[in-house]
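Chemist: Fold the following.
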Amino acid sequence: MIPKLIRLTQSHPHYVLPPGIHKATLEEIKEEFAVTPYRMHLFRGFCSASESLVAAGCQRIYLDGSFTTSKNHPGNFDACWDPEGVNLGKVDSTILNDLPPRTEQKKNLVENF
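Modeler: Take a look at the predicted model:
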């Protein structure tokens, strides 16, 4: 379940998730954060990456960054995943290429969806 977003300080421009790890389904993430066409576009990229990871045996994927805030137009989504039990040979190579500036990831997971 996704908790109510909070404002960290009065001067902070956006509401954010409270500190901690919050378990959520893709449907819950979609309902809370994929609320504009652009946010839906980013969400589809996250789902694409998640599908590849789950097919390879991934059990935990973490989503963060400005996508998980009230910011109207987040730049992207930030995600990481637990490699325990994952067959890396089955993971989309785009996901494994995580060296900055992550141009391939941004192009394949965000721009093409």
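
Chemist: any idea which helix is longest in the chain?
Modeler: helix 37-55 (DSSP state H).

Chemist: Contacts for that one, please.
Modeler: Contacts to helix 37-55, defined as CB atoms under 8 Å, 6 or more residues apart in numbering, come from residues 26, 29-30, 33-34, 61, 63, 67, 73-74, 76-77, 79, 81, 86, 90-92, 94-95, 109-110, 113. Quick note: C-beta positions are derived from backbone N, CA and C, even for glycine.

Chemist: of the residues you listed, buried ones?
Modeler: Among the contacts of helix 37-55, those classed as buried by 16 or more other CB atoms under 10 Å are 29-30, 33-34, 63, 67, 74, 76-77, 79, 81, 86, 91-92, 94-95, 109-110.

Chemist: what mean pLDDT would you report for the longest helix of the chain?
Modeler: Averaging pLDDT along helix 37-55 yields 94.

Chemist: Equivalent analysis for stretch 6-24, please.
Modeler: Rounded mean pLDDT across stretch 6-24 is 93.

Chemist: which stretch of helix or strand covers the residue positioned nearest the centre of the chain?
Modeler: Nearest to the mean C-alpha position of the chain, counting by CA atoms, centre = their mean, stands residue 63 at 3.8 Å. Assigned by DSSP states H and E, residue 63 belongs to strand 61-64.

Chemist: What's the first helix or strand after that strand?
Modeler: For strand 61-64, the succeeding helix or strand toward the C-terminus, using DSSP H and E, is strand 78-81.

Chemist: Pull that next one out as PDB, backbone CA atoms only.
Modeler: Output of strand 78-81 as PDB, limited to C-alpha atoms (Å, rounded to 0.1, in the frame of the first residue of the first chain):
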ATOM      1  CA  ASP A  78      14.700   5.900 -10.400                       C
ATOM      2  CA  ALA A  79      14.700   2.100  -9.800                       C
ATOM      3  CA  CYS A  80      17.000  -0.500  -8.400                       C
ATOM      4  CA  TRP A  81      16.500  -4.300  -7.900                       C
END
